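Participant: kindly return the folded structure for what I paste below:
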Amino acid sequence: MRRSFSLVAFMVVLCGCEVENLRDPLQEITEEAYVIGVNPCSFPIGHSGTVDPLDGFVLRLVESNDTAVTYNLPEGIVKTVHNLENSYLFGQEMGDSLKIILTYRQTPKEEGYYPICPANIYTGDFSRAVEDRQVIVINADRFD
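Facilitator: You can find the predicted model right below:
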């Protein structure tokens, strides 16, 4: 009886543990993505029109089923930004139209970029969406 209880307890512990993502941060990954928004700190509300490649852009990574932010999206991928839907997302029409094939690597914590954010800018939705996940874009090509 004691043996079967120990075996059951061991299986519960073994199966109940979360598997940590042990992906090599220097590994290059290529996948389809959508540019769906901006970092509200690097692209504050009221700022519309032309963009700078150093603006933080939010990416929806299709195969990874994840979101991340990048601060080095190549010029020409996003030409202008108008009408943010909330504090960081593009409107539905614009977000669905910015489809790209992206080669990237994860940004190690010590290489992360954190723009200074004025106290009057709401970042809650953005922070929940990207959860401090940053990527470094190696190559990106837009589909029209």
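Participant: how about residue 134, what does it touch?
Facilitator: Taking CB atoms under 8 Å, 6 or more residues apart in numbering, we find residue 134 in contact with 68-71, 106-107, 112-113. Quick note: C-beta positions are derived from backbone N, CA and C, even for glycine.
Participant: once you drop chain neighbours, what's closest to residue 34?
Facilitator: When the adjacent residues along the chain are set aside, residue 34 lies closest to residue 60, with 4.6 Å between them (CB to CB, 6 or more residues apart in numbering).
Participant: cool, residue 86 as well?
Facilitator: Beyond its immediate neighbours in the sequence, the residue positioned closest to residue 86 (CB to CB, 6+ apart) is residue 125, lying 5.9 Å away.
Participant: secondary structure class for residue 120?
Facilitator: Three-state secondary structure (criterion: DSSP: H, G, I helix; E, B strand; the rest coil) places residue 120 in coil.
Participant: quick one: it from residue 144, how far?
Facilitator: Summarising the geometry, the distance separating residue 120 from residue 144, computed by CB to CB, to the nearest Å, is 36 Å.
Participant: and if you look at residue 61?
Facilitator: According to CB to CB, residue 61 stands 20 Å off from residue 144.
Participant: which stretches in this structure count as helices?
Facilitator: For the chain, the helices identified by DSSP state H occupy 2-16, 92-97, 124-130, in order along the chain.
Participant: export the contacts of residue 134 to CSV and tack on distance to residue 129?
Facilitator: What follows is these, written out as CSV (distance: CB to CB, whole Å):
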residue, distance to residue 129
68, 9
69, 9
70, 13
71, 16
106, 17
107, 16
112, 16
113, 17
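Participant: from these, keep the buried residues only.
Facilitator: Judged by neighbour count, with 16 or more other CB atoms under 10 Å as the criterion, the buried members of the contacts of residue 134 are 68-71, 106-107.
Participant: and the two most separated of these?
Facilitator: Using CB to CB, the pair of those lying farthest apart is 71 and 106, separated by 13.6 Å.
Participant: strands of the protein, residue ranges please.
Facilitator: According to DSSP state E, the chain carries its strands in the segments 29-38, 49-50, 57-61, 66-70, 80-81, 99-106, 135-143.
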